[in-house]
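A.B. asks: Coordinates for the following, if possible.
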Amino acid sequence: MFGRWLGNLSSRGGRSGPLSAVAVPTGAGVLSCRVLDPVNEPVQHAELTLTDVMGRKVVTGGTDPFGSFVATVPAGEYRLAVSAEGFTPYRANVTVGDGAHASMGDVTLQIAQLAALPEPGDWDLDPLHSSIAFTARHIGLARIRGRFNTFAGAIRLAERMEESAMHVVIDASSIDTAVKMRDDHLRSGDFLDVARFPTMEFYSDRFVHKGGTRWAITGALSLHGVTRTVTLDTEYLGVGHGLEGETRAACRATTELHRDDFTITWQTMLARGIAAVGASITIELDIQVLPKS
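C.D. replies: Below is the predicted model:
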C-alpha cells in the first residue's frame, strides 16, 4: 500500500519509514497522495492545491516524476484539488490530524473530453476581442508591461489541424506601455526602429498537438529586419458564440524572445552593472478568430 510505502505517523515523534526524516512542527501533519492515470501510470507535473474551509490557498505544488506529492500543513479540514493537462479535475475533502499522516493513497484522474476543434476553412483574427501583450524586465527588478494596439491576422484551418497555417502582422509603431516618453524611445532606432521596419510578421509552418488542449505553433518571426524561428506554446480554449450568435474560436499563446536574436542590442548599464533593459521579452497572445465572411 502507498501509505505503508510512505511510512506511518501515529503521533508526534512516532514516525517510521521514509517520513521519519520529515520535521513536523507541533500542530501540523503530513498529507500525501500519488496521482495516476486510468492505466495506473504516474501523472508527472499534476498540479495540487489545498484550500482551507474559508477557501484560502494553503499549499500549491506539483507531483514528482513518480506522480507523488507530500506536504506538511497545519492540522485541520481541507479541500484538495488535483488537475493535469488532458484530465478531468479531481476534488476531495481531507482531514489532517495533529502529528498524523493523512494519506490519500492513489488518486486516479480520468481522461477529459477534448474540446471540439473549429470547422476547417479561413478564419480572421478579431482585433476587438484579441490582444498581443509583452512583459520585459526593467533594471533587473520591476516588470514593464505593454501591448501592440494595431494588428491583423488570418488562419487557414485544414481538415487535419496539423496542416493549418497562420499569418499575423503587427504595426510596430502601435507599441503602448502607457508612458509616452518610453514608447517614443522604443519606436526609435535604439529599439524597434519603426521608420525602417514598420511591421512585425509571423508565418507559421507547422501545428503540433502536445496533448489535451496544448499545441505548439512553430513559424518564422520577422522583427527588426531579422527572421528567426519561434514556437508559440498555445492553449486551445474551444469554440463559442458571441452576443450576435456568431461562431468564435479562441486560444492563448506565449513565447519568449531574446533581443540579441533580432539585433536589438541597445543597452545602458546602471550602477553595479545592472542592465536597464532585460535581455528577454515574454510575449502573450489572447486571440479570438471569426469565420472569414
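A.B. asks: Now do the end-to-end distance for stretch 177-196.
C.D. replies: Its first and final residues considered, stretch 177-196 spans 21 Å by C-alpha to C-alpha, to the nearest Å.
A.B. asks: any idea of the mean pLDDT in it?
C.D. replies: Per-residue pLDDT over stretch 177-196 has a mean of 90.
A.B. asks: Same check on stretch 104-121?
C.D. replies: 87.
A.B. asks: Now do the end-to-end distance for that stretch.
C.D. replies: OK, stretch 104-121 end separation, C-alpha to C-alpha: 47 Å.
A.B. asks: buried stuff in it?
C.D. replies: Neighbour counts over stretch 104-121 (16 or more other C-beta atoms under 10 Å) mark 104, 107, 109, 118 as buried. C-betas here are computed from N, CA, C, even on glycine.
A.B. asks: Out of those residues, which comes closest to E163?
C.D. replies: Distances from E163 to those, taken as C-beta to C-beta, are shortest for P118 (13.9 Å).
A.B. asks: check which helix or strand covers the closest residue in space to that closest one that isn't next to it in sequence.
C.D. replies: Spatially, and ignoring its direct neighbours in sequence, P118 is nearest to A249 (4.2 Å; C-beta to C-beta, 6 or more residues apart in numbering). Per DSSP states H and E, A249 falls inside strand 247-258.
A.B. asks: who touches the helix or strand following that strand?
C.D. replies: Using DSSP H and E, the helix or strand that directly follows strand 247-258 along the chain is strand 277-291. Here strand 277-291 makes contact (C-beta atoms under 8 Å, 6 or more residues apart in numbering) with 118-119, 121-126, 129-138, 140, 153, 155, 232, 246-260, 266-268.
A.B. asks: Now which of these would you call buried?
C.D. replies: 118, 123, 125-126, 130, 132, 134-137, 153, 155, 232, 248-253, 255, 257, 259.
A.B. asks: Would you mind measuring from P74 to A92?
C.D. replies: 18 Å (C-beta to C-beta, to the nearest Å).
A.B. asks: Repeat that for D184.
C.D. replies: 55 Å.
A.B. asks: and what of G225?
C.D. replies: Using C-beta to C-beta, G225 is found at 55 Å from A92.
A.B. asks: Next, the distance between the ends of stretch 151-170.
C.D. replies: For stretch 151-170, the first-to-last residue distance is 4 Å (C-alpha to C-alpha).
A.B. asks: Would you mind pulling the contact partners of it?
C.D. replies: Residues outside stretch 151-170 that contact it (C-beta under 8 Å, 6+ apart) are 117-125, 127, 130, 132, 148, 150, 171, 174, 199-209, 215, 217, 219, 287, 289, 292.
A.B. asks: Can you tell me which residue is spatially central in the protein?
C.D. replies: For the chain, the residue nearest the mean C-alpha position is T254 (7.4 Å; C-alpha atoms, centre = their mean).
A.B. asks: returning to what we had before: in strands, which of the contacts of stretch 151-170 appear?
C.D. replies: Secondary structure from DSSP state E places 121-125, 132, 148, 171, 199-209, 215, 217, 219, 287, 289 of those in strands.
A.B. asks: Pull out the buried members of these.
C.D. replies: In the ones in strands among the contacts of stretch 151-170, the ones that pass as buried (16+ other C-beta under 10 Å) are 123, 125, 132, 148, 200, 202, 204, 207, 215, 217, 219, 287, 289.
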